[in-house]
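1. Provided below are the primary sequence and the corresponding predicted coordinates.
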Amino acid sequence: MSATSTPKSGPDLSHYPGGEALYRLRHSAAHILASAVTELFPDVKVAGGPPIENGFYYDFARDQPFTPEDLERIDARMREIVAENQPFESSESSRDEAIKKFEGAGEKYKVHFISQIPAGDKVTFYRNGRFLDLCRGPHLASTGELKAFKLTHVAGAYWLGNERNEMLQRIYGTAFATPAELEAYLHQIEEALKRDHRRVGKELDLFSIHEEVGAGLIHWHPKGGMVRHQIEEFWKDEHLKRGYQLVYTPHIASEKLYAISGHLENYADLMYAPMDIDGQPYRVKPMNCPMHIMIYKNRKHSYRELPIRLAEMGTVYRYERSGVLHGLDRVRGFTVDDSHIFCTPDQLAGEVLGILDLMDFLLKTFGYQYVCYLATRPKDHFLGSEEQWAFATAALEQALKQRGLPYEIDEGGGAFYAPKIDVKLRDAIGREWQCPTIQVDLNLPKRFGVYYTGPDGQDHEAVMLHRALYGSVERFVGIYIEHTGGEFPVWVAPVQAVVIPANPKAYDYAADTARMFREGGMRAEVDLRDDKMGAKIRDAELQKIPYMVVVGPREAEAGAVSPRRKGVGQLETMTREAFLERVQKESRERSA
RNA sequence: GCCGGUGUAGCUCAGUCGGUAGAGCAGCGCACUCGUAACGCGCAGGUCAUCGGUUCGAGUCCGAUCACCGGCUCCA
């Protein structure tokens, strides 16, 4: 366990989800895991392992990888240790004594932890059975109190989290106070798995990735394309209402551009290698900002024109190491819902307020709660003056306060060129995702010479805000798929309604109804396959189509439809016109 | 990139000790003419990720590469 210089005070548990009791439980589970492993595999060296959200882990150094069979043996031994009800006994010794003891045992990782402790301090240990671990506690009274746990998986982890260090083997597990809570957690994991956007994307035919094209490059199928289209249209509508102007910029650019912006020196490892065009090096673009600046700089601007809000769904390409790619979440080509706002210093706080307002509207429409973080100047490496940082940070904070948004300070968490507001949204199953970001760029205006003419007739450096609300459209859609589980609201659903004839006599009326709906602007299809109605309804339910519209001879006679809402069931029979109006209204209002 | 795992039909997955490839669903054909979550019968579908090796013989064993999965590191 990670030790500190103040053994009596113990770790800070105030932020641990589930509180001290769960922390204690999982901490003890980690010890029991380590004692089982050291008994079964005497050759391992132990590193450390804390409680984590929902469980615990412990790191080991061993030449052989742990197999699933090993995990079963370890699990079985852990249960024996629990049955033996070994007491957790704490003890103390001097630091140097402790170092000597662990050096003698060849436990170099433990020696490292102990040597972090100031020389004069006491070191605490906890023992259960034959296993003695450096640890500040707290622990259960005895191993028998661990009632519900399960080892989940093994993974590699760098020693001290540094990729230049050797890789250890990390065994993960989960533990709860009662078997019922453990079951509930495992059930929740399974439910989350069902919502996985990679799985839902396949089931609903939304997108694909192809080896022949390359890893991390997304192909949007017609249905996924419609989801994305609706989300982008919503974005465009709201931006135009709020005085943004849409722009489009190239996908490649001369290296000169990125030399000026500084990306060439600071972001070279995420940019793809240059290509030769007429003897000049060009790059696929990793960022949109320099191009938006080009548009701004194309002519001089009066202070009277500001703010200027340029917005673009800008697709960028960045090199990501192969191991980090993940569905739509982490890709090599993605679309930033980018905007750069050029304004005067006086306008800054007001612009940030406007962004927060827009952001709130967008996120609420999708049904997200969110939390804000104000990330301030990094301690060491930063560009610009301290005055600039203070001014920009104050403007961000003022806007947050004015909007009445609660926020936390992320001390030193700003980019080296910008203080920022980062926003994490919370999805339907409680996970947090960082999407929106609002940054005051303290670098590019100077590098490019971004000016406006003030009332005094002189040039003044413009303030440049950089912001994205979805972040990456690909990722945002991926998160939204998991948020909704693929059950999109009517305004997003790729197919809003499928018309299902009750029997073959109604095929003509069904086809005519679908045609009428489409002419009315509804995304409607008709299912004329040679199948029973029940099968068609089942398919539509599984495809998560919001409305199924059953029509038979009765409806054909009356010009009516018998609608069925997914997950709800049959609705009142109504005229075709009434149903069309209902769906149009729901779609127009973008109700969740 | 690193550690571990996986890759068999469009999808989900079987495939024993190395002996020559199987199911369900989807698709296609036929039959059925059906009222709110799966009608029946038949047919077709595979360079077992790719390349190389061991072997009389490889889906199966070995190596490399690619992709994916779980983590680490990094990150929108």
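-> Received, thanks.
2. does stretch A:524-535 reach RNA strand B?
-> Yes. For stretch A:524-535 and RNA strand B, the contact criterion (Cβ under 7 Å from any atom of the strand) is met by A:529-535. C-beta here means a position set from N, CA and C on the backbone, and glycine is covered the same way.
3. give the buried residues for stretch A:575-592.
-> Buried residues in stretch A:575-592, counted by 16 or more other Cβ atoms under 10 Å: A:576, A:579-580, A:583-584, A:586-587.
4. which of these fall within strands?
-> Counted as lying in strands by DSSP state E, out of these, is not a single one.
5. pipe those into CSV and attach distance to A:V473 and pLDDT per row.
-> What follows is the buried residues of stretch A:575-592, written out as CSV (distance: Cβ to Cβ, whole Å; pLDDT from 0 to 100):
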residue, distance to A:V473, pLDDT
A:R576, 35, 97
A:F579, 32, 98
A:L580, 30, 98
A:V583, 25, 97
A:Q584, 26, 97
A:E586, 24, 96
A:S587, 20, 97
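6. got TSV for those, with distance to RNA strand B too?
-> Shown next, in TSV, are these (distance: Cβ to the nearest atom of the strand, whole Å):
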residue	distance to RNA strand B
A:R576	13
A:F579	12
A:L580	17
A:V583	16
A:Q584	21
A:E586	18
A:S587	21
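7. of those residues, which belong to helices?
-> Of the positions in these, A:576, A:579-580, A:583-584, A:586-587 sit in helices, assigned by DSSP state H.
8. residues touching stretch A:255-262, excluding its own?
-> With contacts defined as Cβ atoms under 8 Å, 6 or more residues apart in numbering, stretch A:255-262 is touched by A:264, A:267, A:271, A:274, A:280-283, A:287, A:289-291, A:294, A:443-444, A:447-448.
9. only the buried subset of those, as a ChimeraX command please.
-> Buried subset of those, written as a ChimeraX selection, criterion 16+ other Cβ under 10 Å:
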select /A:264,271,274,282,283,287,289,290,291,443,444,447,448
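10. of the contacts of stretch A:255-262, which belong to helices?
-> A:264, A:289-291, A:294, A:444, A:447-448.
11. which of the three states applies to the residue nearest in space to the middle of chain A?
-> Central residue of chain A (Cα atoms, centre = their mean): A:W433, 3.4 Å from the mean position. At A:W433, secondary structure determined by DSSP: H, G, I helix; E, B strand; the rest coil is strand.
12. please apply the same query to A:H466.
-> Taking three-state DSSP as the rule, one finds A:H466 in the strand state.
13. quick one: residues contacting the closest residue in space to it that isn't next to it in sequence.
-> Leaving aside its sequence neighbours, A:H466 sits nearest to A:Q439 (Cβ to Cβ, 6 or more residues apart in numbering; 4.6 Å). Listed by Cβ under 8 Å, 6+ apart, the contact set of A:Q439 reads A:415, A:418-420, A:465-467.
14. need those residues in JSON lines (columns: distance to A:H112 and pLDDT).
-> As requested, these are exported to JSON lines (distance: Cβ to Cβ, whole Å; pLDDT from 0 to 100):
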{"residue": "A:A415", "distance to A:H112": "32", "pLDDT": "92"}
{"residue": "A:A418", "distance to A:H112": "36", "pLDDT": "95"}
{"residue": "A:P419", "distance to A:H112": "36", "pLDDT": "96"}
{"residue": "A:K420", "distance to A:H112": "35", "pLDDT": "96"}
{"residue": "A:L465", "distance to A:H112": "45", "pLDDT": "96"}
{"residue": "A:H466", "distance to A:H112": "41", "pLDDT": "96"}
{"residue": "A:R467", "distance to A:H112": "43", "pLDDT": "97"}
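15. if you rank those residues by neighbours, which is first?
-> A:P419 (30 neighbours; other Cβ atoms under 10 Å).
16. re the thing from before, only the buried subset of the residues of stretch A:524-535 next to RNA strand B, as a ChimeraX command please.
-> Of the residues of stretch A:524-535 next to RNA strand B, the buried ones can be selected in ChimeraX as follows, counting by 16+ other Cβ under 10 Å:
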select /A:533
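17. what's the most distant pair in the residues of stretch A:524-535 next to RNA strand B?
-> Farthest pair in the residues of stretch A:524-535 next to RNA strand B (Cβ to Cβ) is A:D530 and A:G534. Separation: 13.7 Å.
18. any shared contact partners between those two?
-> Contacts common to A:D530 and A:G534, judged by Cβ under 8 Å, 6+ apart, are absent.
19. who's in contact with the strand or helix carrying A:E408?
-> If you go by DSSP states H and E, A:E408 is part of strand A:407-410. Contacts of strand A:407-410 with the rest of the structure, by Cβ under 8 Å, 6+ apart, involve A:371-376, A:397, A:400, A:421-422.
20. which of the residues in stretch A:188-206 are buried?
-> Neighbour-count burial for stretch A:188-206, with 16+ other Cβ under 10 Å as criterion, is recorded at A:195, A:197-198, A:200-201, A:204, A:206.
21. before we move on, what about stretch A:354-367?
-> A:354-356, A:358-360, A:362-363, A:365-366.
22. how far does it sit from the chain's center?
-> 17 Å (Cα atoms, centre = their mean, to the nearest Å).
23. that stretch near RNA strand B at all?
-> No. Using Cβ under 7 Å from any atom of the strand, stretch A:354-367 never reaches RNA strand B; the gap is at least 13.9 Å.
24. mean confidence for that stretch?
-> Stretch A:354-367 shows an average pLDDT of 97 in the prediction.
25. please apply the same query to stretch A:496-508.
-> 95.
26. next: stretch A:156-174.
-> Stretch A:156-174 shows an average pLDDT of 95 in the prediction.
27. and if you look at stretch A:83-100?
-> Mean pLDDT, stretch A:83-100: 91.
28. now that stretch: buried residues?
-> Within stretch A:83-100, the residues scored as buried using 16+ other Cβ under 10 Å are A:86, A:88, A:95, A:98-99.
29. so of these, which ones are in helices?
-> A:95, A:98-99.
30. which one among those residues gets closest to A:R73?
-> Comparing these against A:R73 with Cβ to Cβ places A:A98 closest, at 30.4 Å.
31. ok, that closest one - contacts?
-> Residues near A:A98 by Cβ under 8 Å, 6+ apart: A:114, A:123, A:125, A:134.
32. the second one - how many residues pack around it?
-> Residue neighbour count, defined by other Cβ under 10 Å, stands at 24 for A:V123.
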